[in-house]
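**Student:** quick one: sequence plus predicted model below, questions after.
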Amino acid sequence: MENTTEKNTSFFRFEDLRIYHKALDFTEWVHESISFMTSDDKVNIGGPMLKAAQNIAINIAEGSARNKSQFVYYLKMAKSSVRECVVLNSICHKLHLISDEKEEEGRKQLMELTKMVGALIASLQKSQGSAGHDEKQSEDVDYD
């Protein structure tokens, strides 16, 4: 007999993270956005953008299974993938591969992702104590 009062959580902890689902949503958006590209553009620009988008979710998932300091490391890797997507999104727009509206939509999702990743990093570092504080001071700053 099942216990119906148990909290409905996933077997994999990262599946309970909102940020993971936002990363999946962005990956889906990239997949849809590049579907209209020519074969050459898909290979040269779309493929790298899709891989970078996938890496956001992958790093969140991988890091969640580690200790806090390692999770922070993987979240920083996810943040690097977000930045990579920002550049590729801009390149797609500059080459007229996506519309102004699509570029803005992607940019908004990426801004939300970078804020969420940054907040999770700060939360994990705060719970680690002063060691996390020193690490945060050497981190680069997002100006968006």
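**Tutor:** Ah, there it is.

**Student:** look up how far Lys42 lies from the residue nearest the centre of the chain.
**Tutor:** Most central in the chain under Cα atoms, centre = their mean is Ile56, positioned 3.6 Å from the mean C-alpha point. As for Ile56, its distance to Lys42 is 19 Å (criterion: Cβ to Cβ, to the nearest Å). Bear in mind the C-beta positions are built from the backbone N, C-alpha and C, glycine included.

**Student:** pLDDT score assigned to Met77?
**Tutor:** Per-residue pLDDT puts Met77 at 99.

**Student:** name the nearest residue to it, ignoring sequence neighbours.
**Tutor:** Spatial nearest neighbour of Met77, chain neighbours left out: Asn59 (4.5 Å); criterion: Cβ to Cβ, 6 or more residues apart in numbering.

**Student:** thinking again about what came up before, can you tell me the element the residue nearest to the centre of the chain falls in?
**Tutor:** Using DSSP states H and E, Ile56 maps to helix 47-64.

**Student:** what average pLDDT does that helix get?
**Tutor:** 98.

**Student:** got the contact list for it?
**Tutor:** 12-14, 17, 19-20, 23-24, 26-27, 30-31, 34, 70-75, 77-78, 81-82, 84-85, 88-89, 92, 113, 117 (Cβ atoms under 8 Å, 6 or more residues apart in numbering).
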